[in-house]
Every structure is written in structure tokens, then in C-alpha cells.
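In: just to be clear, the model below is a prediction. Sequence and coordinates:
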Amino acid sequence: MAGNNGQTDGTQGLLVRAPAKLNLSLAVLDRRPDGFHEIESLMVPVSLHDRLRVQVQPAGQFSLAVRFKGRLAHGVGRQLARDVPTDDSNLVIQAARLLAARAGVTAGLAIDLEKEIPSGAGLAGGSSDAAATLMAAAQLWNLDWPMDRLADLAAELGSDIPWFFAQAPGLVAGRGEQVTPLAGIKPLPVVIACPAEGLATGAVYAGCQPDASRRGEAAALATALTEGSLRRALPLMRNMLEPPARRLLPAVDQLLEVMGRAGAVRPLLTGSGSACFSLCRTLTEAQRLAARLDAAGWPGVFQGRVLPGRVDAPQLVDN
């Protein structure tokens, strides 16, 4: 393993899964002086995930290779792959370089990313990949950094990234960097569907009118779910970014309508979109909904479950 300067013999690396997230609620409360928005949201990890294999490289060498897997590797799914940069514009490389600079590590990293989470969909795949990279890098470089310190560093790169260090469902506030982990939310089945087109986060937020009266809705939803009452939870599932997303991308409006007709009990946009989802009461209900959306020709349909915590911790693998 690594020495004090982050050096290894190059024969071992880490394999880590990076889960997608869903916003079961999202309230935009105010515009902040720093250009961000004040939000409250209940976020949960789901079984849809990317995989990263991370290995130490000689000083200053950082590389990223991307391969598309799962639905993104198939013919219809290629519409969802979109462009994932492999240079310094990717959050994964930015995260690795930032941690090396702050920790005084001279070693580099080689990162192989297997991508299953669609981009531009509000599922935070890029943010999750960046968080996974920071966790793996800290372990490979033998850094004694706790999760909260890594999360603070991650907040410099993106508002969604700190939540992934909670390793559990959680309430988020501020611009997304204030995280309160939650226990007791059951692993409900979920169906996620994406149109071929993505949405730009900034444009969606620009079309949203903040409303401070929505404060507290995410906490009420969390209470209903931890008490096991999906019936009470469903009316509390609201996303204030959904109306502008529907206006900006007609495919989102169409998808939500189709999901409702296909049996989804409360279809909802996640994040700023363009992905939409539905919690399901049973596995059979989820299978039926996914099959109907597939048959309707939507290019990205994923069946999975809400996770009570992270998929796993970084695992040591041989080269």
C-alpha cells in the first residue's frame, strides 16, 4: 500500500461503486448572494451505479478512461451516453488533483470508469464518481482524512458531492453541502426513466421561482418514510424544479404523463432532470411499470431499489 508520499508498488488498486441519487423532494427556498440557491431536499442512493477502478500512478500522472456499460452500452442506450470528458474538465480528475494538492501527495492516479448512470439526468453520476474517487484516493494514499473532511473538500467542486459521504439517505440544506444522514428508510423498489435529451441545471434553476413557505417539507417526508407509510409519503413528494423542466424540455412533460398512464403512483422529476422516477410498493409493480416504459420506446429505463446506505466501501483488487 501507499507510503507517506502516496507511492505504491503499482500492483494493487481499489474498486468502488458510485451510486446514483434521487431527490424524493426538492424545495427551492431562496436565491443566495453567492449565485446558488437555498434548497431543502430528501436524497436517497439507489442501486443504479457506476464503477471506478483506481490505481496509484507516478508523480503528477492523472488519467481517466471511460467505458459505457449496462443500458448505456446497448444500441438504444447510446442516446443516453452523451459526452463524458476524460480530461481535466471531468469532476473525477478535478477531485483527484484537488486532494493531492491539499494533502501534499505527489503520486498520481489512473482511473477506469464504467459508466451506467446517464449524464445530464439529475442523477448526480458525475458527483458520485468524484466522491468515490476521493474516498479511493484517500485510502490508496494512506491519508488519515475522515469522511467529513473529504466532504468539506468536495463542496468546493460541486453542491451534490458532499451528500455522497453521508453514505446513507439524508436531508440536505444550504446549497446542498449541509447533510443530515437518516436511518430507517426502507429499500423500496424504484423505476427510473430518462428521455434521450438532458437538461442544463442552471437553466432549470433560472426558471424556478423560490418559495420559502416550502421549508420543512423534506423533513415531513422523511418522517413518513421512516415510519413506513408510503401512503402518507406520496403526497409530500414534490420537486419545485419540475415545472421549469417540463417547460424547457417537452420530453420530460411527456415522460411524466406516460409514467402516470403506465401505473406509476407518483412520478416525479429528480434533481434538475431530465430523469424521472417512481417509487413502487412491490417488485411486481416495478417490473410491470418498467416493462411498459420499455415497450413505449423510452431509451433509458432502469429498475432498482432505494438503498439504506452506500453500495459498498472501496475494495482492494489485484492489478
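Out: Received it, and whenever you're ready, just let me know what you need. All of these numbers come straight from a predicted model, not from anything done at the bench.
In: please, where are all the helices along the stretch 1-150 of the chain?
Out: In the stretch 1-150 of the chain, the helices defined using DSSP state H, counting those that start in this stretch lie at 78-81, 91-103, 125-140, 147-154.
In: who are the packing partners of the third one?
Out: This points to helix 125-140. Applying 3 or more Cβ pairs under 8 Å, 6 or more residues apart in numbering; DSSP states H and E, one finds that helix 125-140 makes contact with strand 12-31, strand 37-57, helix 91-103, strand 108-115, helix 147-154. Yep, even glycine has a C-beta here, placed from its N, CA and C like the rest.
In: next one: the longest one to chain centre, how far?
Out: Centroid displacement of strand 37-57 relative to its chain, using Cα atoms, centre = their mean, to the nearest Å, is 4 Å.
In: ok so, going back, okay if I get the helices and strands packed on helix 125-140 as a markdown table plus mean neighbour count and distance to residue 191?
Out: Output for those, formatted as a markdown table (neighbours: other Cβ atoms under 10 Å; distance: least, Cβ to Cβ, whole Å):
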| stretch | mean neighbour count | distance to residue 191 |
| --- | --- | --- |
| strand 12-31 | 23 | 11 |
| strand 37-57 | 23 | 10 |
| helix 91-103 | 20 | 27 |
| strand 108-115 | 22 | 20 |
| helix 147-154 | 18 | 29 |
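In: out of the ones you listed, nearest to residue 268?
Out: Residue 268 sits nearest to strand 12-31 of all the helices and strands packed on helix 125-140, at 7.7 Å, using Cβ to Cβ.
In: alpha carbons of that closest one, as PDB, please.
Out: Only the C-alpha atoms of strand 12-31 are listed here, as PDB (Å, rounded to 0.1, in the frame of the first residue of the first chain):
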ATOM      1  CA  GLN A  12      -2.900  -3.100  -6.300                       C
ATOM      2  CA  GLY A  13      -5.800  -0.700  -6.700                       C
ATOM      3  CA  LEU A  14      -9.300  -0.100  -5.400                       C
ATOM      4  CA  LEU A  15     -12.700  -0.900  -6.900                       C
ATOM      5  CA  VAL A  16     -15.500   1.300  -5.700                       C
ATOM      6  CA  ARG A  17     -19.200   1.600  -6.800                       C
ATOM      7  CA  ALA A  18     -20.700   5.100  -7.100                       C
ATOM      8  CA  PRO A  19     -24.500   5.100  -6.700                       C
ATOM      9  CA  ALA A  20     -26.900   7.400  -8.400                       C
ATOM     10  CA  LYS A  21     -29.200   9.500  -6.200                       C
ATOM     11  CA  LEU A  22     -32.800  10.500  -6.300                       C
ATOM     12  CA  ASN A  23     -34.400  13.600  -4.900                       C
ATOM     13  CA  LEU A  24     -37.600  12.400  -3.200                       C
ATOM     14  CA  SER A  25     -38.400  16.100  -2.600                       C
ATOM     15  CA  LEU A  26     -36.700  19.300  -3.600                       C
ATOM     16  CA  ALA A  27     -37.700  22.700  -2.400                       C
ATOM     17  CA  VAL A  28     -36.000  25.900  -3.700                       C
ATOM     18  CA  LEU A  29     -36.300  28.400  -0.800                       C
ATOM     19  CA  ASP A  30     -34.300  31.400  -1.900                       C
ATOM     20  CA  ARG A  31     -31.600  32.800  -4.100                       C
END
